[in-house]
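Engineer: please find the sequence and the predicted model below.
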Amino acid sequence: MKIGMPREIKAGENRVVFTPIETAELVGDGHCVLIETEAGLKAGFTDEEYVEAGAHIRLTMDEIYKEADFIVKVKEISPEEYELLRENQLIFACLHPASNREEVDVLMKKKVIALTAEDSHRYGSPNCEVAGKLGALMGAYHLLSINGGNGQLICGVGGAPGANVLVLGAGIVGKAATEIVSALGADVTLMDINIGALRHCQEIFPKNVHTMISNQQSIKKVLQDIDLVINCVKWPKHRKDHLITRDMLKIMKKGSVIVDISADVGGAIETYKPTTHADPTYVLDGVVHYGVDNIPGAAPHTASKAYAAAVLPHIRSIANNGVAEACRRDGFLRRSLTVYKGILTHEETCVVQGREFTFPEEALGLTDRNDLDFVPNATTTKLPMKMS
């Protein structure tokens, strides 16, 4: 199979799906790997390293799309790429389809086979850990007065306490963020709806981390004393409520900071809107908002190493076994199937966009198999009944 990796074109995005290590593995399996020139350069991987691993370099994105049967990339398909897609072409990328109707329209019209990478992780994406840790550091940075914050140093010094930090969500992202801010000396309140997760966090984190059950009333109780809010809650896209509303900003300190790592428009933070690494913040009601929606892109070398290793088994299985067999073997990959030759198979997207839904098993012809790997749904956004 010809597997192509184009250079990322999203602003501030320099991660790659393959490092030379993964390239060599795929070439060893007998596949042809095509890399757009300088695709990995800003992540620290040169064309020469890819060639040494067995890849072939192409000069343009157009060449990659024209030759490759299987396109792999980090971020979603951009408008510049729409007309390059071909029928039956395989796509593996972080598509975020529920929030991108235009992209879904194109994927269906082009009759590609597209899988959204963010739903395919059995143990959570390494990008989540990078986002949590780096988002915490960005929050500490933007608390400084030279960056628009209230001038609070994240750590304490003799005679002055450290920052008060609220972390929402105790999953991979939240624990990563908590690890950083607690190690820096902040006083941390970690909230989640899962008492088991909070008990575990009490065991693994130092005594400057306190836990609370997450709800809007608990948040209101502590919010007036908080310097930095780090939101790590992946908000179900069908919900219309929020954890922190616009009105709640009025009780926050002027110059306090909200870092929304989950980056959901209309999500847990009502006032969130996406920003870029080049212009990362905006201020509402005196509160600094950091809204970069691809935080790991600022640490592409580290993020690419971890992410490439994590997704290689999926890409390898698809290339070696075909998409149907790969999805039969791995339920996490199967639940990530988004579009199959004009058929929409992503449940959350169907709910949010009001579209017809076909189960991945039906589209792939696997309904009669009794050896499927069944896994939990990717989100709590579910159809009330089957539609097909």
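Structural biologist: Yes, it's here.
Engineer: after the worst-scoring helix or strand of the chain on mean pLDDT, next one along is what?
Structural biologist: Counting by mean pLDDT, DSSP states H and E, the weakest-scoring helix or strand in the chain turns out to be helix 347-353, with a mean of 92. Downstream of helix 347-353, the next assigned helix or strand under DSSP states H and E is helix 360-363.
Engineer: could you pull up the mean pLDDT of that following helix?
Structural biologist: Computed over helix 360-363, the mean pLDDT rounds to 96.
Engineer: check the offset of that helix from the chain's centre.
Structural biologist: Centroid displacement of helix 360-363 relative to its chain, using CA atoms, centre = their mean, to the nearest Å, is 25 Å.
Engineer: hey, C-alpha coordinates of that helix in CSV?
Structural biologist: The C-alpha atoms that make up helix 360-363 are tabulated as CSV, following Å, rounded to 0.1, in the frame of the first residue of the first chain:
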residue,chain,number,x,y,z
PRO,A,360,-19.7,1.0,11.7
GLU,A,361,-20.4,-2.8,11.9
GLU,A,362,-23.1,-2.4,9.2
ALA,A,363,-21.0,-0.3,6.9
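Engineer: can you point out the buried residues in it?
Structural biologist: Using 16 or more other CB atoms under 10 Å as the burial criterion, the residues of helix 360-363 that qualify are Pro360, Glu361, Ala363. For every residue, glycine as well, the C-beta is placed using N, CA and C.
Engineer: kindly report the same for stretch 131-142.
Structural biologist: Taking 16+ other CB under 10 Å as the criterion, stretch 131-142 shows Ala131, Gly132, Lys133, Leu134, Gly135, Ala136, Leu137, Met138, Gly139, Ala140, Tyr141, His142 as buried.
Engineer: so which residues of the stretch 151-300 of the chain form helices?
Structural biologist: If you assign secondary structure with DSSP state H, counting those that start in this stretch, the helices in the stretch 151-300 of the chain sit at 172-183, 195-204, 216-223, 300-321.
Engineer: output stretch 263-274 as PDB, nothing but the C-alphas.
Structural biologist: Below are the C-alpha coordinates for stretch 263-274, written out as PDB (Å, rounded to 0.1, in the frame of the first residue of the first chain):
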ATOM      1  CA  ALA A 263     -11.200  23.700  23.400                       C
ATOM      2  CA  ASP A 264     -14.900  23.000  22.900                       C
ATOM      3  CA  VAL A 265     -17.000  25.800  21.500                       C
ATOM      4  CA  GLY A 266     -20.200  25.900  23.500                       C
ATOM      5  CA  GLY A 267     -18.500  23.500  26.000                       C
ATOM      6  CA  ALA A 268     -17.600  23.500  29.700                       C
ATOM      7  CA  ILE A 269     -16.400  27.100  29.400                       C
ATOM      8  CA  GLU A 270     -19.200  29.200  27.800                       C
ATOM      9  CA  THR A 271     -16.900  32.000  26.800                       C
ATOM     10  CA  TYR A 272     -14.300  29.800  25.000                       C
ATOM     11  CA  LYS A 273     -13.400  30.600  21.400                       C
ATOM     12  CA  PRO A 274     -10.400  29.100  19.500                       C
END
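Engineer: no further questions, thank you.
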